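Chemist: what's the 3D shape of this:
(2 chains)
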Amino acid sequence: MEGRNVTDSPTLDARIPSGPIQGRWNQHKFDIKLVNPANKRKYEIIVVGTGLAGASAAATFGELGYNVKAFTYHDSARRAHSIAAQGGINAAKNYPNDGDSIYRLFYDTVKGGDFRSRESNVYRLAEVSNEIIDQATAQGVPFAREYGGLLDNRSFGGAQVSRTFYARGQTGQQLLLGAYQALSRQIDAGTVEFFNRSELLDIVVKDGRAAGIVVRDLVTGEVTPHSAHAVVLATGGYSNVFFLSTNAMACNATAIWRAHRKGAFFANPCFTQIHPTCIPASDEHQSKLTLMSESLRNDGRIWVPLDPDDKRQPNDIPEDERDYYLERQYPAFGNLVPRDVASRAAMRMIDENRGVGPLKNGVYLDFRSAIERLGRDRIEERYGNLFEMYERITDEDPYRVPMRIYPAPHYTMGGLWVDYNLMTTIPGLYAIGEANFSDHGANRLGASALMQGVADGYFVIPYTIGDYLSKYLNVDPVPTDDPAFTETLTEVDARTRRFLDIGGTQSVDHFHRKLGAIMIEYCGLARSREGLEKAIDEIRSLRDEFWRDLKVLGSAESLNQSLERAGRVADFLELAELMCRDAIDREESCGGHFRVEHQTPDGEAKRDDEDFAFVSAWAWTGESTPQELHKEPLEFEYVQPSQRSYK
Amino acid sequence: MDLTLKVWRQDGPAAEGGFKTYQATNVSPEASFLEMLDEVNEHLNEIGEEPIAFDHDCREGICGTCGVMINGDPHGPQSGTATCQLHMRKFDDGDAITIEPWRASAFPVVKDLIVDRSAFDRIIESGGYISVNTGAAPDANIIPVPKAAADAAMDAAACIGCGACVAACPNSAANLFTAAKMEHLNLLPQGQAERYTRAVAMVETMEEYFGSCSNHGECEKACPKNISIDFIAMMNRDYVKAQFGNVVKSGQR
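Modeler: Sure, this is the predicted structure:
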């Protein structure tokens, strides 16, 4: 590979335990060091982000007796975008008695991730999935139930069993409220000090270890240092690099990007998920895209008219003139193929000019046969709130007219590289939930994001962090008047001033929209070397323009939403380039990463296990030199890589 | 469509606020209310006036971050709809629209249309949870929950904590919010152990910040999630029982 700066670095020790996979997590928990209960109060832990992963981690640390500081840029811990997850959470309970098991959930997740995740991590995730359901139920999460009072399940893409637990179409909301309530209990108990409307602007590293963070109070503008023995980033993913995505408006990469610049390796940045069932954009002023839960594919059937020029209303098109293309191409999984497969199939339809709707940018998701089979009441009970949301946005009634859906950026499998303990390459700095890269490989299965967020927060990091902390018993955290802190504060301050001082002509959104357009065009559903190289050129010139022509009004000493966004977009402008470089470097197609140069004759992703069965971990080498690639080889002892087939 | 907006501008909690009038031109009927404000802000930025600050995040009606008074109605004219899900097709060309922050002394204005709702968090911290440490839970199916109870708990739990109920109430009471949060837990078997201590703690914390309920019912009408005021009756019942009953024996009633 020409021009690549590759290192097989011994520093990338993933610390994966050995032995049979079924016993690894248990053995590891026994092998790592513990902090005894009376000593826990001697430690300070910072948690950044209070979504599902962050709130559950902060609450659990508090219960264990650690001193915790939790930070969010929201006004309350209950607002994080975990709240918008609709469909459900997977667990291997096998309550429906349909042959599920921890091993099957593990197998499906490794396969669904197109063999680019770590077997050991995925097995652990499947193993703790059952405890999550127990914990959430005990917290009062009102999961859907059968008439007998026991928990109900439904199916999701990429699985042939029903293992998804749900709370109407609001599963993420209910799980997040459970974690938020557990966190609130700890705030009341005094174990967690909570900082709302506070945004992380940089990480402080001293002697190669995480020492703390620098935070801006979004109301007063005050910038303050905070030190701790360990810092946990639970700051979510970076889909907003595409501007239009299903993420909330404020979701950003600043925390993980700042950590990357301070030495944390960034893994698989090009692994992004484009979700097949979103509401298509209606005009150019659109600010975000809205997801329609994948669970709808349980009962909805996806189709386009056979005739690309068919102008009739969907209900007037007879059955034999419709192409139920997923059922036709993938008879075994039908409408429940994994997300990457469904998105690409929709893209092919639209590329063939067979899209529907005024802009011809959608495909139909039709509930007519489900309503005929089950009755309107059952459908309303399952998806009522989603149907209402759809109607509000589009002014069309999906009980009568098929929904129109289109793929949209939704989730990022890439993130900070972490070892089995969820620690980044900066000792003492951890990344959990969507912020890390570890469990979903090149494609995440539906209902697995909630599972991973809570697993990391409740059941993994509370154990693994002790292994690091135990080494620093009776060692005080770095004081905040240490030069490491004061220098970072000065840098943060200078950067903030710089945004305000440019005095150009264009708004932050102007640059963000332009960046999004470049990324979706060249680094979206289909990627090519030529397109990606073009994208890098365009991103670089956009970045120059940003620093030359940005216009941010107001001051740094008060609430200033344009200033907040400027910092986030500046970081996206750097991350975007790395995503493209990673996508160029990975000369294969796998999961959500589809290189047009690498496909099978029937247009499916063609993996190259010989050359690319590794995690790409990029190391920051300074402002003027490109990141350096380190590889963590992936070994498959249990699930043999094969061409994924859902046919 | 073209609109005349009368928007509340206020620099900070201590500053004096006032209305300013802006023209929104060429608004697409397909735009959401917040996208309309985005466009106005882009224009303000262009002409050198600081954009209007407003809270928002998910824009899917679930996070509860957004919420403004639109012509005197919390979240505007469409029932069961948060501000972010309101679309401009619900308005007519030439309309004048007044946009204000939530008005309640427990929700001080932070800036422009943004208010501080942390009093809600204080209510939750006082008892809006089930005390179960991570790892201490029994198997999820060990306690069957009648479907009707689980469904009613979910109806209450759908609250997004936006504060529209308080903004709508002539007394600035938070009874609908508090009742929804409390009864979600009190309706479930898992919530019984702390049912009455929870009722007392949450009601008393609520009263430290908010006004009293006098059954106007405006809260229910304003709620973007259509949460029923029946939950307020259930909260009152739990609170009264907690005052007069023997809480130790509460599990047997």
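Chemist: Can you point out the helix or strand that includes the closest residue to B:Ser172 other than its chain neighbours?
Modeler: Nearest residue to B:Ser172 in three dimensions, chain neighbours excluded: B:Ala104, at 3.9 Å (Cβ to Cβ, 6 or more residues apart in numbering or on different chains). Where you see a C-beta, it was placed from the backbone N, CA and C, and this is true even at glycine. Using DSSP states H and E, B:Ala104 maps to neither a helix nor a strand.
Chemist: B:Ala104: neighbouring residues, count only.
Modeler: Counted with other Cβ atoms under 10 Å in any protein chain shown, residues neighbouring B:Ala104 total 22.
Chemist: quick one, what contacts it?
Modeler: B:Val115, B:Gly163, B:Val166, B:Ala167, B:Cys169, B:Ser172, B:Phe210 (Cβ atoms under 8 Å, 6 or more residues apart in numbering or on different chains).
Chemist: before we move on, what about A:Ile371?
Modeler: Applying Cβ under 8 Å, 6+ apart to A:Ile371 gives the contacts A:Ile379, A:Tyr399.
Chemist: Just want to check the distance between B:His43 and A:Phe165.
Modeler: Applying Cβ to Cβ, to the nearest Å, the value for B:His43 to A:Phe165 is 46 Å.
Chemist: If I look at the residue nearest to B:Ser172, what pLDDT would I see?
Modeler: In this prediction, B:Ala104 carries a pLDDT score of 96.
Chemist: Ok, the one 4 residues further on next?
Modeler: What the model reports for B:Pro108 is a pLDDT of 97.
Chemist: wait, doesn't it sit right on B:Arg117?
Modeler: No. B:Pro108 lies out of contact with B:Arg117 (Cβ atoms under 8 Å); the separation is 9.7 Å.
Chemist: Verify the stated contact: A:Lys29 with A:Tyr463.
Modeler: Yes. If you go by Cβ under 8 Å, A:Lys29 and A:Tyr463 touch, sitting 5.5 Å apart.
Chemist: residue in the stretch 51-200 of chain B nearest to chain A?
Modeler: As assessed by Cβ to the nearest Cβ, chain A sits closest to B:Pro144 within the stretch 51-200 of chain B, at 2.9 Å.
Chemist: From B:Met154, how far out is that residue?
Modeler: For B:Pro144 relative to B:Met154 (Cβ to Cβ), the value is 16 Å.
Chemist: Looking at these two, which has the bigger crowd around it?
Modeler: Ranked by neighbour count (other Cβ under 10 Å), B:Pro144 and B:Met154 place B:Met154 first, with 21 against 15.
Chemist: what residues are up against A:Ile405?
Modeler: Neighbouring residues of A:Ile405 by Cβ under 8 Å, 6+ apart: A:Pro276, A:Thr277, A:Cys278, A:Ile279, A:Pro280, A:Met292, A:Ile302, A:Ala346, A:Gly362, A:Val363, A:Tyr364, A:Leu365.
Chemist: what sits up against stretch B:15-31?
Modeler: Counting contacts by Cβ under 8 Å, 6+ apart, the residues outside stretch B:15-31 that touch it are A:282-283, A:285-286, B:1-11, B:36, B:39-40, B:44, B:87-89, B:98, B:109.
Chemist: again, but for stretch A:301-317
Modeler: With Cβ under 8 Å, 6+ apart as the test, stretch A:301-317 has contacts from A:321-327, A:335, A:342, A:346, A:349, A:352-356, A:363-370, A:400-402, A:405.
Chemist: Going through the residues you listed, which ones are buried?
Modeler: By neighbour count, with 16 or more other Cβ atoms under 10 Å in any protein chain shown, the contacts of stretch A:301-317 hold A:322-326, A:335, A:342, A:346, A:349, A:354-356, A:363-368, A:370, A:401-402, A:405 as buried.
Chemist: Please narrow those residues to those residing in strands.
Modeler: A:Arg322, A:Asp323, A:Val363, A:Tyr364, A:Leu365, A:Asp366, A:Ile405 (DSSP state E).
Chemist: The helix or strand where B:Met154 lies close to chain A?
Modeler: Using DSSP H and E, B:Met154 sits within helix B:147-157. Yes. Shown here: helix B:147-157 in contact with chain A (Cβ under 8 Å from any Cβ of the partner chain) through B:Lys147, B:Ala150, B:Asp151, B:Ala153, B:Met154, B:Ala157.
Chemist: Just the buried subset of those, please.
Modeler: Neighbour-count burial (16+ other Cβ under 10 Å) applied to the residues of helix B:147-157 next to chain A gives B:Lys147, B:Ala150, B:Asp151, B:Ala153, B:Met154, B:Ala157.
Chemist: Could you dump those residues into CSV and include pLDDT and distance to A:Arg497?
Modeler: Below are these laid out as CSV (pLDDT from 0 to 100; distance: Cβ to Cβ, whole Å):
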residue, pLDDT, distance to A:Arg497
B:Lys147, 95, 59
B:Ala150, 97, 54
B:Asp151, 96, 54
B:Ala153, 98, 50
B:Met154, 97, 49
B:Ala157, 98, 45
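Chemist: quick check, nearest of those to B:Asp238?
Modeler: B:Ala153 (13.8 Å; Cβ to Cβ).
Chemist: residues contacting that closest one?
Modeler: Residues near B:Ala153 by Cβ under 8 Å, 6+ apart: A:Gly140, A:Pro142, B:Glu183, B:His184, B:Leu185, B:Leu187, B:Leu188.
Chemist: closest to A:Gly88 among these?
Modeler: Relative to A:Gly88, the closest of the contacts of B:Ala153 is A:Pro142; by Cβ to Cβ it sits at 13.2 Å.
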